[in-house]
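Novice: can you look at this prediction? I've put the sequence above it.
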Amino acid sequence: MRMKNEEVQHFANFLMTFELKGRESRMRTRFVKLLAERIELVGEEHKELLRQFARFNENGEPIVVEIQGQKAYDVPDRAAFNKEYFLLLNEDFVIEENEERKEMLLFIKDVILNCDKTFKGREALEYDRWCDIIEEIKYE
């Protein structure tokens, strides 16, 4: 199973919208914990990029400036930072389909592909992407 780093948080948020109980909730929670580990790793790597590219104040905190009405870190070489951050967000996150994860992944696949929720607009596009991701699971 494969998705981009930038999709992981959104996918976890989507999964948490399901009302599940008992074993089903535990399977979902296990899966979301895998996603949370990746989210944490990407966050740490983002901080590392800031350490490389941003300016810091005397307290060691990144300086925040206003750019076109929005707050942003003071990054002198914004183009280089953005390039590196883009590469980070577009890296593949692969969840190995091993025997230990089989029951969990098949459950998540079933929940997503057979959900009775209705979607419109952006949610419909996101749901379609989640289905594409989960359809990659090939245990059968």
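Specialist: It's in.
Novice: other SSEs contacting the host helix or strand of residue 23?
Specialist: Per DSSP states H and E, residue 23 falls inside helix 22-53. Counting contacts by 3 or more C-beta pairs under 8 Å, 6 or more residues apart in numbering; DSSP states H and E, helix 22-53 is packed against helix 5-15, helix 78-89, helix 102-113. The C-beta positions use only the backbone N, C-alpha and C, and glycine is treated the same way.
Novice: can you pull the buried residues of the first one?
Specialist: Residues 5, 7, 8, 11, 12, 14, 15 are the ones in helix 5-15 that count as buried (16 or more other C-beta atoms under 10 Å).
Novice: one more: stretch 87-99?
Specialist: Quick answer for stretch 87-99 (16+ other C-beta under 10 Å): 88, 93, 95.
Novice: now stretch 38-51
Specialist: 38, 39, 42, 45, 49, 50.
Novice: list the contacts of the residue of the chain positioned farthest from its centre.
Specialist: Distance from the C-alpha centroid of the chain peaks at residue 58, with 32.7 Å (C-alpha atoms, centre = their mean). Counting by C-beta atoms under 8 Å, 6 or more residues apart in numbering, residue 58 makes contact with nothing.
Novice: okay, the nearest residue to residue 57 once chain neighbours are set aside and residue 85: tell me how far apart.
Specialist: Setting aside the residues directly before and after it, residue 57 is nearest to residue 63 in space (C-beta to C-beta, 6 or more residues apart in numbering), at 5.4 Å. The gap separating residue 63 from residue 85 is 17 Å, by C-beta to C-beta, to the nearest Å.
Novice: what about these two, which has more around it?
Specialist: Comparing residue 63 with residue 85 by other C-beta atoms under 10 Å, the one with more neighbours is residue 85, at 18 against 12.
Novice: now do the contacts for the more buried one.
Specialist: Neighbour list for residue 85: 46, 49 [criterion: C-beta under 8 Å, 6+ apart].
Novice: at 6 Å what do you get?
Specialist: Contacts here follow C-beta atoms under 6 Å, 6 or more residues apart in numbering; on that basis residue 85 touches residue 49.
Novice: perfect, I'm done here.
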